[in-house]
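> What follows is a predicted structure for the sequence shown.
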Amino acid sequence: MTKYSAICCIVAIAVTLIGGMATSCNTSYDENEYTYAYSSTAITAFSLSANKNILNNLDSVFFSIDLNSGEIYNEQPLPYGTDISRMVLNIETDATSATEIIFKNEAGKDTTVTYSENETDSIDFSNGPVLIHVSSYDGTAGRNYKTWINVYEEPIDSIYWEKQGNLPTSLTVPRKQKMVAAAGKYYMLTANTTGYSLASTDNPYNVDSWQSRMVSFDSFTPDIESLAGTADGKLYILDNDGGLHVSHDEASSWDVCNVTALNHIYGSYGTDIVGCYIGQDNKIYTQVYPGSPDPVAVPVDFPVSGTSDMVCMEVNWAAGLQGYIVGGRKKDGSLSGDTWGFDGQSWARISAGSLEEAEGRAVFPYTFSETDTTTWRTVERKVLVSIGGKRADNTIVKEVHYTNDMGVHWFKADSLKQLPPELAPCHSASVVVANHEIKASRAIRPITEWDAPYIYLAGGYDVNGRFMPNIWRGVLNYLTLKPLQ
């Protein structure tokens, strides 16, 4: 089951644009009777009157007026659920003798309002496009304007989740898993007491595209959850003794890396792997392989296990790639709620202590939409999102959190972005984000296709420690809509 109805129905149009106004409104106005004189039949300004009972700042909604096609509409749709059945219009024209508004009522019958005599009459846009007919000053020219109000048909700020199915694997009953991305491809390593399976795909949106096969680790026992992939397509994994191994051929074979045994792999930074170990002097060191042979000492409260996988992204206030880890377990066994940043050479604590202490968080970069309630325009913001995690008392973090300043401050996401009831909270799940190309169902000039980032959440353990052998796909509804143009 899903949080909301099927995502294919999310269309940013409240009033269907079917047919011409001749069929939408049974009117006697025939533009063939007139010689167009746009200067005397032009609508020069169009807006809605303020009505806080409908929507705050309703009069700030921007409408486009296309004098060539005779269309008036708001390109940025109004929020989901806005009542458009009783709108009072503000219309400005030049040198006109009459302006009439024709709309359908609830019974489907045409209703005509003479605007110059009834400027405060409410107009119903809920039953189809409205026709505005403007007559020139001398009555020799007329112009019809098809007018509609766009309203989102779904809550655009919600994250829609659907269960894709069981984990892609050659194993009958997997007990562990790790999903990673490497050089534009996605890998799922699963294990149980009988063996190991590796599945791969370049299109995780298509659940049938995963190809799985059994793999072997003849010379060592792998730590499945330490698997990491790098930008050059290599896979890395630790053995049970902390030895680092690399595969150049998608886990068909593994080579030993000449590096100090590691306690933990944080993830990849470009083509490098970043991990940590505790030295003989009892200090914590982070190691970058193969990029930097020199380990770097870090503070004593730096997490040494259980962190989120490292997220790398470009940010406005830094010159290069930045890596982020969240939460984890410290050397003394206590948990961390901090966010740490990595610039390729050194680490810095970023957070201001606004995220609770937990390990096994699934953290990923994403885009949230925010609607300005003054202009009702929607903007996109880069965020980091955290799902799940296990607290010190073994309870699971149920709430979804996000940060829009890359970990300095964390906030609980609103209810529309929380997990649906059927997706049980968990810890130690894998998560990747992959673009999926969306094509318009019909040609929409000039944008006919665009990429939407889909979230893939796999595996993890529930509050009772039971493995969850499923993969879920999520997306912010707003990102599936045709971009404004």
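Perfect, thanks for sending it.

> buried ones in the helix or strand where Thr111 lies?
According to DSSP states H and E, Thr111 maps onto strand 110-114. Across strand 110-114, burial judged by 16 or more other Cβ atoms under 10 Å covers Thr111, Val113. Every residue, glycine included, has its C-beta placed from N, CA and C.

> distance between it and the chain's centre?
Here the centre of strand 110-114 is set off from its chain's centre by 43 Å, with Cα atoms, centre = their mean, to the nearest Å.

> wait, what's in contact with the nearest residue to Leu171 once chain neighbours are set aside?
Spatially, and ignoring its direct neighbours in sequence, Leu171 is nearest to Ser197 (4.9 Å; Cβ to Cβ, 6 or more residues apart in numbering). Going by Cβ atoms under 8 Å, 6 or more residues apart in numbering, Ser197 touches Thr169, Ser170, Leu171, Pro174, Leu189, Thr190, Ala191, Ser212, Arg213, Met214, Val215.

> and the residues you listed, which are buried?
Buried subset of the contacts of Ser197 (neighbour count, 16+ other Cβ under 10 Å): Thr169, Ser170, Leu171, Pro174, Leu189, Thr190, Ala191, Ser212, Val215.

> pLDDT for those residues - can I get that in a markdown table?
Below are the buried ones among the contacts of Ser197 laid out as a markdown table (pLDDT from 0 to 100):
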| residue | pLDDT |
| --- | --- |
| Thr169 | 97 |
| Ser170 | 97 |
| Leu171 | 97 |
| Pro174 | 97 |
| Leu189 | 98 |
| Thr190 | 98 |
| Ala191 | 98 |
| Ser212 | 97 |
| Val215 | 97 |
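
> from the residues you listed, which is closest to Ile350?
The nearest member of the buried ones among the contacts of Ser197 to Ile350, counting by Cβ to Cβ, is Leu189 at 30.0 Å.

> Correct me if wrong: the closest one contacts Leu198.
Yes. Assessed by Cβ atoms under 8 Å, Leu189 is found in contact with Leu198 at 5.4 Å.

> partner strands of the helix or strand just after the strand holding Thr111, parallel or antiparallel?
Next along the chain after strand 110-114, taking DSSP H and E as the criterion, comes strand 130-136. Strand 130-136 has the following strand partners under DSSP bridges: strand 96-104 (antiparallel), strand 142-148 (antiparallel).

> picking up where we left off before, out of the buried ones among the contacts of Ser197, which comes closest to Glu71?
So of the buried ones among the contacts of Ser197, ranked by how close each gets to Glu71 (Cβ to Cβ), first place is Ser212, at 51.5 Å.

> give the contact list for the closest one.
Going by Cβ under 8 Å, 6+ apart, Ser212 touches Pro168, Thr169, Ser170, Met188, Ser197, Leu198, Ala199, Ser200.

> The residue nearest to Leu171 pairs with what?
Thr190, Met214.

> ditto for Tyr145
Note on Tyr145: beta-bridge partners by DSSP bridges are Ile132.

> what's the spacing between the residue nearest to Leu171 and Gln345?
Ser197 sits 37 Å away from Gln345, going by Cβ to Cβ, to the nearest Å.

> SS state for the residue lying farthest from the centre of the chain?
The centre of the chain is farthest from one residue, Asp138, which by Cα atoms, centre = their mean lies 54.4 Å away. Using DSSP: H, G, I helix; E, B strand; the rest coil, the structure places Asp138 in coil.

> What of Val259?
coil.

> Give me the neighbour count for it.
If you count neighbours by other Cβ atoms under 10 Å, Val259 ends up with 18.

> about what we covered before: so what's in contact with Leu189 and Leu198 at the same time?
Taking Cβ under 8 Å, 6+ apart as the criterion, Leu189 and Leu198 both touch Val215, Ala251.

> so where does Asp223 fall, helix or strand?
Following DSSP H and E, the helix or strand that holds Asp223 is strand 222-229.

> Parallel or antiparallel, list what pairs with that strand.
For strand 222-229, the paired strands and their directions (DSSP bridges) are strand 235-239 (antiparallel).

> And the contacts of the strand it pairs with?
With Cβ under 8 Å, 6+ apart as the test, strand 235-239 has contacts from 180, 182, 187, 189, 220-224, 226-230, 244-247, 250-251, 254, 257, 262, 265, 268, 273, 275.

> and that strand, average pLDDT?
For strand 235-239, mean pLDDT is 98.

> now stretch 346-366
Per-residue scores along stretch 346-366 average to 93.

> And Asp208, how close does it get to Thr201?
Distance, Asp208 to Thr201, by Cβ to Cβ: 9 Å.

> So for these two, which sits in the more crowded spot?
Of the pair Asp208 and Thr201, Thr201 is the one with more neighbours under other Cβ under 10 Å, namely 19 against 9.

> so that one touches Tyr186, yeah?
Yes. Applying Cβ under 8 Å, one finds Thr201 in contact with Tyr186, separated by 5.4 Å.

> And for the strand holding Asp223, what's in contact with it?
Surrounding strand 222-229, the residues in contact under the criterion Cβ under 8 Å, 6+ apart are 176-178, 180-183, 187, 189-191, 196, 235-240, 245, 264-265, 267-268, 273, 309, 428.

> re the thing from before, confirm for me that the residue farthest from the centre of the chain is in contact with Ser97.
Yes. Counting by Cβ under 8 Å, Asp138 does reach Ser97; the two are 7.3 Å apart.

> Backbone torsions only: list them for the residue most central in space within the chain.
Nearest residue to the geometric centre of the chain (Cα atoms, centre = their mean): Leu476, 3.9 Å. With angles defined as degrees, to the nearest 10, Leu476 sits at phi -70, psi 120.

> Show me where the chain has its helices.
Taking DSSP state H, the helices of the chain run over residues 21-24, 38-41.

> lowest-confidence stretch among these?
The lowest average pLDDT among the helices of the chain, as it happens, falls on helix 21-24, at a mean of 39.

> ok, back up a step: what's the residue nearest to the centre of the chain in contact with, if anything?
By Cβ under 8 Å, 6+ apart, the neighbours of Leu476 are Ile156, Asp157, Ser158, Ile159, Tyr160, Tyr366, Thr367, Phe368, Ser369, Lys417.

> now do 10 Å
156-160, 366-369, 380, 385, 416-417, 452-455 (Cβ atoms under 10 Å, 6 or more residues apart in numbering).

> before we move on, what about Ala182?
Contacts of Ala182 were listed using Cβ under 10 Å, 6+ apart, and they are 200, 227-236, 247, 250, 268.

> Quick one, which of the residues you listed are buried?
In the contacts of Ala182, burial by neighbour count holds for Ser200, Leu227, Ala228, Gly229, Thr230, Ala231, Lys234, Leu235, Tyr236, Ser247, Glu250, Ser268, counting by 16+ other Cβ under 10 Å.

> burial of Asp372, as a residue count?
Neighbours of Asp372 under the rule other Cβ under 10 Å: 12.

> Which residue, other than its chain neighbours, is closest to it?
In space, and not counting its chain neighbours, Asp372 is closest to Val379: 7.0 Å by Cβ to Cβ, 6+ apart.

> and that neighbour, what pLDDT?
Turning to Val379, the model gives it a pLDDT of 82.
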